[in-house]
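Q: no sequence for this one, just the structure:
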């Protein structure tokens, strides 16, 4: 596979569930990002990892927990989410932090 | 004031015309600027990046940057119906947001056959 991949593509979960989103980049990049895209709102940066180290946590609630085990993989662990967390969650990567970012296809999350 | 502002549109142009998309930003020290295209239900796709004042051309696309006036624009020549999408302007934060890409809300472009 090439580029940035994300699984699952769609996820429906209840407010008491725990689930994880997975992102994998095949571009040899050193920085990875999680974004949230809600209807009628700009893309919101959630987390930035550079060389597997978290360098940015953009005031995200603790019910979202990121994990970056290596420079190719990024996870977003979800627990006790709220209906307002329903959105498109996008992963991106770049050669270095702040450079051109390339997005994965996203996970459409619905919290019921 | 929003950090990155775009007119949400929709901007409607006839096929073959030039579409002009504009973006203004608030942080004077921003150095890197990007345009992404996002089709409905899809993720953003990088189409242009620009770092210095002036024009940068790539095929039918031209990005224009004016740091003194704090605006960046995207021109699409010979617009095609397949260009119909939302165009997102993104600015790499300056001193207060180092490493963070700040997105505008996007401009929806409709190219009518």
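A: Perfect, thanks for sending it. Computed from a prediction, not measured in an experiment: that's the story for all the values here. Numbering: from 1, shown residues only, chains lettered A, B, ... in the order given.

Q: list the buried residues for the worst-scoring helix or strand of chain A on mean pLDDT?
A: Across the helices and strands of chain A, the lowest-confidence element by mean pLDDT, DSSP states H and E is strand A:53-57, at a mean of 78. Going by neighbour count (16 or more other CB atoms under 10 Å in any protein chain shown), the buried part of strand A:53-57 is residue A:56. (C-beta placed from N, C-alpha, C; glycine too.)

Q: ok, stretch B:64-75 next?
A: Those would be B:64-65, B:70-75, for stretch B:64-75 by 16+ other CB under 10 Å.

Q: give me the distance between residue B:27 and residue A:15.
A: 37 Å (CB to CB, to the nearest Å).

Q: okay, those two: which has more neighbours?
A: Neighbours were counted for residue B:27 and for residue A:15 using other CB atoms under 10 Å in any protein chain shown; residue B:27 has more, 17 against 13.

Q: for chain A, what are the nearby residues on chain B?
A: Contact residues (CB under 8 Å from any CB of the partner chain) of chain B with chain A: B:4, B:32, B:34, B:36, B:42-46, B:49, B:88, B:90, B:92, B:98-106.

Q: those residues, buried ones only, as a ChimeraX selection?
A: Applying 16+ other CB under 10 Å to those, the buried members can be selected in ChimeraX as follows:
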select /B:4,32,34,36,43,44,46,49,88,90,92,99,100,101,102,103,104,105,106
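
Q: point out the ones among the residues of chain B next to chain A that are inside strands.
A: Secondary structure from DSSP state E places B:4, B:34, B:36, B:45-46, B:49, B:88, B:90, B:92, B:101-103 of those in strands.

Q: any low-confidence regions in chain B?
A: Within chain B, the ranges that satisfy pLDDT under 70 run B:1, B:94-99.

Q: run the last query once more with 80
A: Scanning chain B for pLDDT under 80 picks out the ranges B:1-2, B:93-100.

Q: and if you look at chain A?
A: For chain A (pLDDT under 80), the answer is A:1-2, A:40, A:52, A:55-58, A:97-98.
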